[in-house]
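Visitor: Here is my input; please provide its structure:
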Amino acid sequence: MKKIIITTGDLDGVGYEVAAKALHRLGPQSQCLFILWRGPKTSSRFNSLLKKKFKILTTTSLDEALRLENISSKNIIEIISQKSPALWVEESGKACFEGRADAMATGPLSKPEIFRAGLKDIGHTEILKRITGSKSAIMSFWGKHFRVLLATGHIPVAQVESQLTTEKLDDVLALAMKAKSALPKALAKKPIGILGLNPHAGDQGLIGKFEQEILGPWLEKQRKAGIKIEGPLVPDAAFQKSNWSKFSFYIALYHDQGLIPFKALHGFSGVHVTLGLPLVRSSVDHGTAKDLFGKNKADPTSMVDAIKWAIQLARR
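Guide: Reported below is the predicted structural model:
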C-alpha cells in the first residue's frame, strides 16, 4: 500500500478546496492510501465531497496516521492540525525521507506563512532540501504542452549568472536526463532544449558574454559526449507553439524565464515535480488564490495531476 501525503497549504487559500475536489474526481486508487492534512476550520461542503467517495478516518498527528493498520484504499486518513501548514510540509518530508510514507503532493503555501512558522526557508523546495541534506534539488514543471526545469530557483535576478557555473549546469542536466525516464518513450527520445540567459541569447556576445564564454563551450562538451541537447535557444522565441513538440524538456536558467510562459499557457493544469530529492514530491503549480477562498470557484486540475504524478512516481 503506497502512502501518499497531501498537504493543503494556507488555511485561507484554496488548497483544501482543490485537494477535496481532486480526490473526489479521482476516487480511491488501487493500493494507495491518501493522508490529508487540514486545519480545524474547513468548509463542510468540501468535506462532504470526500465522503461521497471515501470513508474518512480522523487523527490529530501524522505519526498517528502512519501507525494505523488494516486500512483500505477506500479510506482517507484526515489529519486535523492546529500547527502551521509549513510544519505539515516539514513533517511530511521527513516521513517520506525516512521511508514511512511513499510520496507527498503539496498544496499552495505562501512564503509569509513559512516565516510565521519560524522557518527560514523561502519555499517548499528549500524546506525539503534542508531536511534531506540535498544540494541539487531543482524545480520542474510538467504540462500537456511542454515541460520546464529551472536551473536556479528563488534567488534575485542579479545573482543568477554567478550561480550558473559549469558544475551547476552539469547537475541540472543530470537531473533532466533522469527525469526523461518518467516520460512516455516518444517524448523521452527528444532532445533537451536550453535557453540562453540574455536577450537574443547574447547576440554573439553583443548583449552579454555568458552564452559565448560559459554556455557555448559547455554545450559543445555535452554534444561530444553524445547527449541530445539544443541551444542556446533565444528566450523570447523558445516557447512558440511550433517548438513545443521538439523537446523532452526545456531548461530555463532562472525562475521567471521558465514560469511565465509555463503558467501563461497551462494555467491551473500544470504540475510541479521537485527533482534531485531522495523522496517523491509533486505540487500544484499555482498560488494560494486567497481571492477565491470560500467561493467554490477553484479549479482542481493541477492538484488532480499532482496526485496522479505522486502515485506514478512512488510506484516507479
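Visitor: Just the helices from the stretch 151-300 of the chain, written as ranges.
Guide: Applying DSSP state H, counting those that start in this stretch to the stretch 151-300 of the chain gives helices spanning 160-163, 166-180, 185-188, 210, 216-224, 235-238, 255-266.
Visitor: Among those, which comes closest to Leu149?
Guide: In terms of C-beta to C-beta, the element of these nearest to Leu149 is helix 166-180, at 5.4 Å. (Glycine included, C-beta is placed from N, CA and C.)
Visitor: Identify each buried residue in the closest one, please.
Guide: Within helix 166-180, the residues that count as buried by 16 or more other C-beta atoms under 10 Å are Leu169, Asp171, Val172, Leu173, Leu175, Ala176, Met177, Ala179, Lys180.
Visitor: what does stretch 139-154 give?
Guide: By neighbour count on 16+ other C-beta under 10 Å, the buried set for stretch 139-154 is 139-143, 146-153.
Visitor: Which residue ranges make up each domain of the chain?
Guide: Using automatic domain parsing, the domains assigned to the chain come out as 2-134+277-315, 138-262.
Visitor: so of those, which one's packed in deepest?
Guide: Highest mean neighbour count of the domains of the chain: domain 2-134+277-315, a mean of 19 (counted as mean count of other C-beta atoms under 10 Å).
Visitor: I'd like the mean pLDDT over it, please.
Guide: Domain 2-134+277-315 comes out with an average pLDDT of 94.
Visitor: Tell me which of the buried residues of stretch 139-154 fall in strands.
Guide: Assigned to strands by DSSP state E, the following of these qualify: Met139, Ser140, Phe141, Trp142, Arg147, Val148, Leu149, Leu150.
Visitor: which residues touch the fourth one?
Guide: With contacts defined as C-beta atoms under 8 Å, 6 or more residues apart in numbering, the neighbours of Trp142 are Gly270, Val271, His272, Val273, Asp305, Trp309.
Visitor: from what I can see the second one touches Met139, true?
Guide: No. Taking C-beta atoms under 8 Å as the definition, Val271 is not a contact partner of Met139, at 11.2 Å.
Visitor: Ala22 and Ala289, how far apart?
Guide: Distance from Ala22 to Ala289, counting by C-beta to C-beta, to the nearest Å: 15 Å.
Visitor: Please report phi then psi for Cys32.
Guide: The phi and psi values for Cys32, taken as degrees, to the nearest 10, are phi -130, psi 140.
Visitor: The nearest residue to it once chain neighbours are set aside: what's it in contact with?
Guide: Leaving aside its sequence neighbours, Cys32 sits nearest to Lys2 (C-beta to C-beta, 6 or more residues apart in numbering; 4.9 Å). Applying C-beta under 8 Å, 6+ apart to Lys2 gives the contacts Gln31, Cys32, Leu33, Asp102, Ala103, Ile311, Ala314, Arg315.
Visitor: distance of the third one from Ile56?
Guide: Same thing as Leu33. Separation of Leu33 from Ile56 (C-beta to C-beta): 12 Å.
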